[in-house]
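Student: The sequence and its predicted three-dimensional model are supplied below.
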Amino acid sequence: EDEGKPVTLYLQKLTIGPNVTGLHEGGYYFDIKEIIFEDGEKTMTIYGCEGTGDLWNLRGTESIYCGRNIVKPDSDSSPFWRTEETLKSITIGNKVTTIGRCIFSGLTNITDIEIPSSVETIEDRAFDGCTKLETVIIKGNPTIKYRVFDGCTSLKTIGGNGPKIVEFDAFRGLTNLETI
């Protein structure tokens, strides 16, 4: 802190290597344009401060690449929630087998997502509240859990191979859905 004010760190790109398995919330503000979680077999766990699930007080992030499973225990909000106004692109890599619970929930500027064939499970509320999400392409046959797309009021198309199992209320609140 600088005279009682939080310090803001400005970065164009942050690459998190495949051997990093945990990140913890801190007292800094980060303005990072691009975050890359490199491809890897090890799951990344993101821990928030006192259950907030807030990853480093992110601001200004425009794109995230997820090259492996990312989970966030004990929270109902995305670790990226403070990027909701700036985040426009999420790319899910071919090493990802599970899209974690609430991991992208509430990210209101995301318009499309492509889920690779490697994904076997999309956990509860993974994209809940992504109100500008219009198109989801599912390349494989994952299990889609509870309320995955709840509140995605702009979602018009879910394309691809189709899910193996769809749990209760997975598509709740999809008032504009035209194609599955």
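Tutor: Structure's in. What do you need?
Student: now for the helix or strand of the chain with the lowest mean pLDDT, which elements pack on it?
Tutor: Here the helix or strand of the chain ranked lowest by mean pLDDT, DSSP states H and E is strand 58-59, holding a mean of 71. Secondary-structure packing of strand 58-59 (3 or more Cβ pairs under 8 Å, 6 or more residues apart in numbering; DSSP states H and E): strand 29-37. Just so you know, the C-beta spots here come from the backbone N, C-alpha and C atoms, and that holds for glycine as well.
Student: which of the residues in the strand it packs on are buried?
Tutor: 29-30, 32, 35-37 (16 or more other Cβ atoms under 10 Å).
Student: That strand - contacts with which helices or strands?
Tutor: With 3+ Cβ pairs under 8 Å, 6+ apart as the test, strand 29-37 has strand 8-16, strand 58-59, strand 63-66 packed against it.
Student: Let me have those in TSV, adding distance to residue 165 as columns.
Tutor: Below are the helices and strands packed on strand 29-37 laid out as TSV (distance: least, Cβ to Cβ, whole Å):
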stretch	distance to residue 165
strand 8-16	31
strand 58-59	33
strand 63-66	22
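Student: Out of those strands, flag the one nearest residue 97.
Tutor: Residue 97 lies closest to strand 63-66 among these, at 11.5 Å (Cβ to Cβ).
Student: what number of residues lie near residue 153?
Tutor: 16 (other Cβ atoms under 10 Å).
Student: Residue 12 reaches residue 30, doesn't it?
Tutor: No: between residue 12 and residue 30 there is no contact, the gap being 11.7 Å when judged by Cβ atoms under 8 Å.
Student: Quick check: which ranges of the chain have low pLDDT?
Tutor: By pLDDT under 70, the low-scoring segments of the chain are 1-8, 25-29, 48-57, 75.
Student: Check which helix or strand residue 23 maps to.
Tutor: strand 22-24 (DSSP states H and E).
Student: measure the closest residue to residue 122 other than its chain neighbours to residue 175 for me?
Tutor: Closest residue to residue 122 apart from its sequence neighbours, by Cβ to Cβ, 6 or more residues apart in numbering: residue 99 at 4.6 Å. Using Cβ to Cβ, to the nearest Å, one gets 23 Å for the distance from residue 99 to residue 175.
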